[in-house]
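Engineer: here's my sequence, what's the structure:
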Amino acid sequence: MKANVVNVRDLLDHHVTLELESIDRLYLNGYVPDLQYGAGLVRFLTVQRGQPIASPALLGQITGKFVAEVKAFAKRQDIPLFHFERKESKDQKAHEMRAQRPVRDAVVFIGMAQEKAYAFSARRLPGKRPVFEFTRNKSVIPNYYYYYLDDADWGECFIKVCSYAPWGLKLYLNGHEWLKRQLAKEGIAFQELDNGFLTCGNPQRLQALAEELGPRQIQTFLKKWLDRLPMPLSANDRRAGYDYRLSIWQLEFSLTQILDRPLAGRQFFEEVIRDNLDLGRPDRVQLIFPRKIIRTTPGSFRTRVLREGVHPSLHISYKHFDLKQYFKEGRGLRTEGTFHDTNDFGLNKGLEQLPQLMLLGSQINRRLLEVERVSQNCGLNAGSIHRLVQPTVTKDGQRASALKFGDPRVMALMLVLCQFASVIGGMRNHQLRRQVASLLNIGLEKYSAGQASYDLRRLVRKGLLWRLPKSQRYYLTPCGWKLSRLYARLEARVFRPALTAMKGTQAATPVGLERALHAVDVQLDQLISHAFPLSEAA
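Structural biologist: The predicted structure is shown next:
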């Protein structure tokens, strides 16, 4: 007998044994602000280092001294030091070395790799006295030194340092590893999931720790290891103001929900994938990301379904941001957003933006789940369809005219509800008016603000929209989301093809609306075909 498949709302509301929102992987750039331009480098060499002439030879001396200190440090501490081979997996090598040298709060090994960087080049200016001008526009391939660490607070991590000026560095940290070390220190029992948690003796404390993690802990980590490790810039340089500032290069923020019904969870996830293949389209991506998207918005917007063996994962792209969802080790639903460029959301890359990015990541992850809840939980019945297509009177005596299927204006309204960011951003009169006029291929003078207000009122009275109190902004209801999609898809997939077949000609549909409905139809077919080929389905 086939077991009933639990829907998403019931599954996430009643069958989650552990839920955790946390920073996952975190990559940071470290740079010295005053060394990012030529004049600052000259001032460093002459004022800070006390040299009479800012010569490029001095840069070579600093690099040579740093390399010698690294080798001496490795020999003194008995730390393995070797070159990474070209195309060698650094992660795999780190895994092997950590198994061989299970140290605690120490350097596991040091790796060297040649990688591209933009370094300073010098040009001697005319004159008897040697004066050099430095510009940072030259691509070179210097040695980078990777310090693979086991930190008492952060666990497995590394610091990567460039041997050429301006001596930038990168940090790799993992929020889940930090949480594991904190739980161990506090004596709270837990069971690990790959890069996460399966169980925890005190889930409330686990989430509280995840929310505490921020810039302070990261700055403490960096200061600690700058004092311990050989660096091109000395402690005196850092005390004089030539210290590293951190910026966010890549941030992963995840929501993990461990389920007590793994099979039902897997069934739910595959159904969600099938129902949300078009979430990456520009018109639907706004349902998740709180940003307005127009024709000139840069970046790609797409949905992909990838398979590793038999395990599918849903990927949604917004500019440089990647949102993915997968079922982790058959036990947990992982929803994870990756920030590659914080400017996509109007934020700079400074480490001080980390709390804001964590909040934004949480909102995006939750929005994806909410869109999936609405999408799967239709709540439609004969009564709701009847109320939609027939004139009705609300409980307070307000009349709501019919939303007749096939009427061009009604179909345009429904398509706007499908395309618009109503679930998250809502809509106003002028926004609805502009989009409906565009779909009907008419000027704004033929679809007035009064007509748009009339349409908004009847959508509210029919239960498809609700208006925010003391505001002119309207939001889509769960019923409205499903009904608008039903109208659009029935028109695109059933009635229009049927009328064409019977009459031999297309029905009289405005050009803009016709084009939009056709685009919905084509994209759905393409996405389903690419993600679930017939060979796999068989």
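Engineer: from now on I want contacts and neighbour counts done on CA atoms only, so please keep to that.
Structural biologist: OK.
Engineer: give me the below-cutoff pLDDT ranges for the stretch 401-538 of the chain.
Structural biologist: When the per-residue scores of the stretch 401-538 of the chain are filtered using pLDDT under 70, the ranges that remain are 419-426, 478, 489, 491-538.
Engineer: can you map out the strands along it?
Structural biologist: In the stretch 401-538 of the chain, the strands defined using DSSP state E, counting those that start in this stretch lie at 465-467, 474-476.
Engineer: which other helices and strands does the first one contact?
Structural biologist: Other elements packing on strand 465-467 under the criterion 3 or more Cα pairs under 8 Å, 6 or more residues apart in numbering; DSSP states H and E are helix 449-461, strand 474-476.
Engineer: count of neighbours near residue 181?
Structural biologist: When neighbours are defined as other Cα atoms under 10 Å, residue 181 has 16 of them.
Engineer: so what's it up against?
Structural biologist: Contact analysis of residue 181 by Cα atoms under 8 Å, 6 or more residues apart in numbering lists 152-155.
Engineer: sorry, back to before: nearest to residue 43, of the strands of the stretch 401-538 of the chain?
Structural biologist: Closest to residue 43 of the strands of the stretch 401-538 of the chain is strand 474-476 (Cα to Cα; 57.0 Å).
Engineer: starting at the chain centroid, how far to that closest one?
Structural biologist: Averaging C-alpha coordinates over strand 474-476 and over its chain gives two centres that are 25 Å apart (Cα atoms, centre = their mean, to the nearest Å).
Engineer: determine the set of other helices and strands touching it.
Structural biologist: Contact analysis of strand 474-476 by 3+ Cα pairs under 8 Å, 6+ apart lists strand 465-467 as its packing neighbours.
Engineer: mind checking how far the strand it packs on is from the chain centre?
Structural biologist: Distance of strand 465-467 from the chain centroid (Cα atoms, centre = their mean) equals 29 Å.
Engineer: residues in contact with it?
Structural biologist: Outside strand 465-467, the residues that reach it (Cα under 8 Å, 6+ apart) are 456, 459-460, 473-477, 480.
Engineer: who does residue 465 bridge with?
Structural biologist: residue 476 (DSSP bridges).
Engineer: in the chain, which residue sits furthest out from the middle?
Structural biologist: Centroid-distance maximum for the chain: residue 128 at 55.8 Å, with Cα atoms, centre = their mean.
Engineer: pick the one among the contacts of strand 465-467 closest to residue 258.
Structural biologist: Proximity of the contacts of strand 465-467 to residue 258 (Cα to Cα) peaks at residue 477, which lies at 28.4 Å.
Engineer: ok, that closest one - how many residues close by?
Structural biologist: The local packing count at residue 477 equals 17, with neighbours defined by other Cα under 10 Å.
Engineer: residue 195 and residue 254, how far apart?
Structural biologist: 11 Å (Cα to Cα, to the nearest Å).
Engineer: higher neighbour count, the two?
Structural biologist: More neighbours sit around residue 254 than around the other of residue 195 and residue 254, counting by other Cα under 10 Å; the figures are 27 against 14.
Engineer: in three-state terms, label that one for me.
Structural biologist: Secondary structure assignment for residue 254 (DSSP: H, G, I helix; E, B strand; the rest coil): strand.
Engineer: pretty sure residue 318 sits in a strand.
Structural biologist: Yes - Residue 318: assigned to a strand according to three-state DSSP.
Engineer: how many other residues sit next to it?
Structural biologist: By the criterion of other Cα under 10 Å, residue 318 has 24 neighbours.
Engineer: now it: how far from residue 335?
Structural biologist: Distance of residue 318 to residue 335, given as Cα to Cα: 15 Å.
Engineer: between the two ends of stretch 329-348, what distance do you get?
Structural biologist: 35 Å.
Engineer: list the buried residues in it.
Structural biologist: By neighbour count on 16 or more other Cα atoms under 10 Å, the buried set for stretch 329-348 is 331-342, 344.
Engineer: partners of the host helix or strand of residue 324, with directions?
Structural biologist: Assignment of secondary structure by DSSP states H and E places residue 324 within strand 321-328. Each strand pairing with strand 321-328, determined using DSSP bridges, is listed with its direction: strand 311-319 (antiparallel), strand 332-339 (antiparallel).
Engineer: okay if I get these as a markdown table plus distance to residue 40 and mean pLDDT?
Structural biologist: Putting those into a markdown table (distance: least, Cα to Cα, whole Å; pLDDT from 0 to 100) gives the following:
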| stretch | distance to residue 40 | mean pLDDT |
| --- | --- | --- |
| strand 311-319 | 34 | 71 |
| strand 332-339 | 31 | 91 |
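Engineer: of all the ones you listed, which lies closest to residue 22?
Structural biologist: Shortest distance between residue 22 and the strands paired with strand 321-328, using Cα to Cα, is found for strand 332-339: 9.7 Å.
Engineer: from the contacts of residue 181, pick the one nearest residue 21.
Structural biologist: Distance ranking of those against residue 21, using Cα to Cα, places residue 154 first at 17.5 Å.
Engineer: just checking, the closest one touches residue 174?
Structural biologist: Yes - using Cα atoms under 8 Å, residue 154 makes contact with residue 174 at a distance of 7.1 Å.
Engineer: now do the helices in the stretch 251-400 of the chain.
Structural biologist: Remark: helices of the stretch 251-400 of the chain, listed N- to C-terminal, are 262-275, 282-285, 354-376, 382-389; assignment by DSSP state H, counting those that start in this stretch.
Engineer: what's the least confident stretch among those helices?
Structural biologist: When these are compared by mean pLDDT, helix 282-285 comes last with a mean of 39.
Engineer: what sits against the closest residue to residue 358 other than its chain neighbours?
Structural biologist: Distance criterion Cα to Cα, 6 or more residues apart in numbering; nearest residue to residue 358, sequence neighbours excluded, is residue 253 at 6.6 Å. Residue 253 makes contacts with 21-25, 336-338, 358, 361-362, as judged by Cα under 8 Å, 6+ apart.
Engineer: quick one: contacts for residue 206?
Structural biologist: Shown in contact with residue 206 (Cα under 8 Å, 6+ apart): 20, 179, 183, 200.
Engineer: same check on residue 31?
Structural biologist: Contacts here follow Cα under 8 Å, 6+ apart; on that basis residue 31 touches 166-169, 243-246.
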